[in-house]
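Enquirer: quick check, what structure comes out for this input:
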Amino acid sequence: MAPITPQSPRCYSGLSTPPLRSGLSLASRVSLLICLLLTQAALAAPRVQPIPVPPELRSTAFTLTVNGIPIDVAHAAASYDFASFDITGPVDVAITASDPGFWDRGVDIQPWRLGLRAQRDGQTIRFKLQGPAKLSISRPRDFLNHAAMLFLFAGAPPPPPPSGAIVYKPGVYRQSLNPKTGETYYLASGSWFYGSLNLFDVQNVKVLGRGAIVYDGPQDPASDEGWMQKPDWHCIGTSNAQNIQVSGLTCVIRSRTWSIQMKDSDGFLYDDLRVMGGNPGNANQDGMDWIGSGAGLVRNSFFRASDDVIALMGNWDGYTDADMLRPGKDVHDITIETSQLSTSISNIVRAGWPRKIFNSRNFTLRDSDILHAGIGACGQSFALLGMWASNGARGDHSGYTFENLFLDNWYSLLQMEQEEPSIHGFTFHNIWALDQPPLIGSSIAGQISGITLDNVKYSQHRVESSADVPVSVTDGAAPVAFPPTSGPVSAFSVEPPFSAPGDPVTFTADEVPHAHYTWLFGDGATAHGRRVTHKFPDALGTQLDDVNGAGRFRVLLHVETADRKGDQKQDWSAAGVVVVAKWHDPIQTTGPNVPGLAWHLYPGTWTELPDLTQASSVFDGTSPNLLTDAHGFTRYAAAWDGFLDIPVDGGYTFHLLARDGARVVIDGIQVAKTGPPFAQVCGAPGNAMRYDRGSLGLRAGLHTLHIEGLHSVSQGPPRLLWEGPGIPPTDIPSAAFLHPRATASGQ
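Expert: Purely as a prediction, here's the structure:
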């Protein structure tokens, strides 16, 4: 299919030959000049090349246009859809949801570092895309297995087929691909394969182009059979393969199997992959497994998995004792870069497993976006990095580097356990968690040393101790190192600390010699310079999800320097800037107030947070914070009531964390409510930690506070943080809680 381009004007229409300048009148010369300028502009305009989707794969959930050109939307797996197209410059994107209220809960366009913010008109959202990108579009904080998500893959036009390639033209192919040694396959845009790409006992194979594989295999959806190494069992399966290049391929995985599996293979280049998996079991569907393999480079790729995105193992041959205890081959020299990684559960990177025996070395994940990191636990809690070498597992693991990573939605930084002999030489450099705190703490236990956290940042705060992470270090593990910064430091102030729509706001970066400053204001606008002024257009916030008259905008600052050799160093920081259109005044209380909150206990066996307005409390009391006396009950709901003392006028954001379900109400307005309970897996007790947030414009003084939390299968009360003028995201101190002296029985 030829690219779609603007029509070029016909400057010589009506003339038998191209005109000569000397034979034209002045009017003709002017007309010719105008026509030639229009022709040049038309040829320079961005081109849009849609990639067609077969009718049986087309989705009706969304309608998409790019520069006004219709683009087919395909159904991937679970409730995920995607669209692919090629562009040569900036384009305008319009997405219409078939559900009229689909965007009512907001719009989340990731990666966040791009600073994209949609404009909404009913069912349609619009934004401008400056160039090729791989995007995840959903509703804020809705990214688990049943979330409705749209992935957009805007690519640069692929190169033509190389000489001698076996070319598959656009169309539907109900077959697997089985290249032989030395062969090059070219899968044209619009070629769709129902099958697998099998690379078994081959060398020097290339699979290029822009084709797609839809894999839906015979695996049992209720058990783990996805580990098996055999043809037609994965989207891409390899065994004993060397020197393989796969570029531009889209993989859709609908069954419970590992998506891309390398076994006993070396020498891989994966470029521009688009891998999407989803299955009802929400498990056992890794993005990419390196099994006794190495010497691999993955770049410019997108992964959406229903398990670990990247897994490293020496072998995996089954679940018998002999299979688990059989030593595996080394996994070595693997680099993942300039990619976007997303999972509905589990880790971004996992190495090892209980009882497994193998060594690994030289793994790098860099210059990439973590769109959605795992939630919950499988024996061990999920994290950016999970290493679970327990129950007799052995191996030497060294030389891991995590560098220049953006953490959007995430759970924890690292969970590492090693019995013998050791884990050593792990560096985390420039890890930017710019908009959400860690939901749980990290852990390092056992024979582990040489762990360095170098410029790990939450918003504008650089972690400088184990308590800052937080990370527990136990069972003989060496302390974590926090070296002083060796590069530029991104940090900034905001004046005034709050504003109304249209008011000027001044942003001032901390001075860094010879630095270049780039600002992304979270409303689609950008600026450069150390000190800039910006006006926010509305009070809806970056994600269009703030509906209480105060919108939180995610403001990012990128600071970059270069030394005399041209080596560049960088840092990022962020702050939530709340624009207030509606203020809430403090209440006037009567009678004395005392520190703390009044609590109320409602025993019951609910599975989701009940409507406590219809219930009567059995026990009541007071507490300095979100604690209660459970009176021996293990399943109950609790409520806390009182006042929140706001120190200064401003836009405040409240971050709520809870395992079994919670909500927070301020001045009678529900500000945040966590999602329904999400059970942990593999026998891990309790539910995963859930997160929500919301913003309000609050005047200084006392405001009514009501919090509810369910205690069903997990331990611990909800956790409530605030963020406002001069206050980074931090737990609300007990000193900010007050209640009337006589609100609790017995007082």
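
Enquirer: walk me through the domains of the chain.
Expert: When the chain is parsed with automatic domain parsing, its domains come out as 1-45, 48-154, 195-295, 319-325+337-484, 492-581, 593-740.

Enquirer: which stretch among those domains comes nearest S176?
Expert: domain 195-295 (3.4 Å; CB to CB). Glycine gets a C-beta too; all of them are placed from N, C-alpha and C.

Enquirer: mind checking the end-to-end distance for the closest one?
Expert: 27 Å (CA to CA, to the nearest Å).

Enquirer: ditto for stretch 578-587
Expert: By CA to CA, one end of stretch 578-587 lies 22 Å from the other end.

Enquirer: may I see the buried residues of that stretch?
Expert: By neighbour count with 16 or more other CB atoms under 10 Å, stretch 578-587 contains the buried residues 578-580, 584, 586.

Enquirer: and E511, how close does it get to P483?
Expert: 22 Å (CB to CB, to the nearest Å).

Enquirer: list the strands paired with the one helix or strand S342 maps to, with their directions.
Expert: Under the criterion of DSSP states H and E, S342 resides in strand 340-343. Paired strands of strand 340-343, with direction, are strand 302-305 (parallel), strand 360-372 (parallel) (DSSP bridges).

Enquirer: please tabulate the domains of the chain in JSON lines, including the columns mean pLDDT.
Expert: Shown next, in JSON lines, are the domains of the chain (pLDDT from 0 to 100):
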{"stretch": "domain 1-45", "mean pLDDT": "45"}
{"stretch": "domain 48-154", "mean pLDDT": "97"}
{"stretch": "domain 195-295", "mean pLDDT": "97"}
{"stretch": "domain 319-325+337-484", "mean pLDDT": "96"}
{"stretch": "domain 492-581", "mean pLDDT": "95"}
{"stretch": "domain 593-740", "mean pLDDT": "95"}
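
Enquirer: now these in JSON lines, with distance to T184?
Expert: Putting these into JSON lines (distance: least, CB to CB, whole Å) gives the following:
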{"stretch": "domain 1-45", "distance to T184": "22"}
{"stretch": "domain 48-154", "distance to T184": "21"}
{"stretch": "domain 195-295", "distance to T184": "4"}
{"stretch": "domain 319-325+337-484", "distance to T184": "24"}
{"stretch": "domain 492-581", "distance to T184": "36"}
{"stretch": "domain 593-740", "distance to T184": "42"}
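
Enquirer: thinking R274 is in contact with A76, fair?
Expert: No - using CB atoms under 8 Å, R274 makes no contact with A76, being 9.5 Å away.

Enquirer: so what sits against both of these two?
Expert: 82, 151 (CB atoms under 8 Å, 6 or more residues apart in numbering).

Enquirer: who's more crowded, these two?
Expert: Using other CB atoms under 10 Å as the criterion, R274 and A76 rank with A76 on top: 27 against 23.

Enquirer: which residue sits closest to that one, ignoring its sequence neighbours?
Expert: Leaving aside its sequence neighbours, A76 sits nearest to M276 (CB to CB, 6 or more residues apart in numbering; 4.4 Å).
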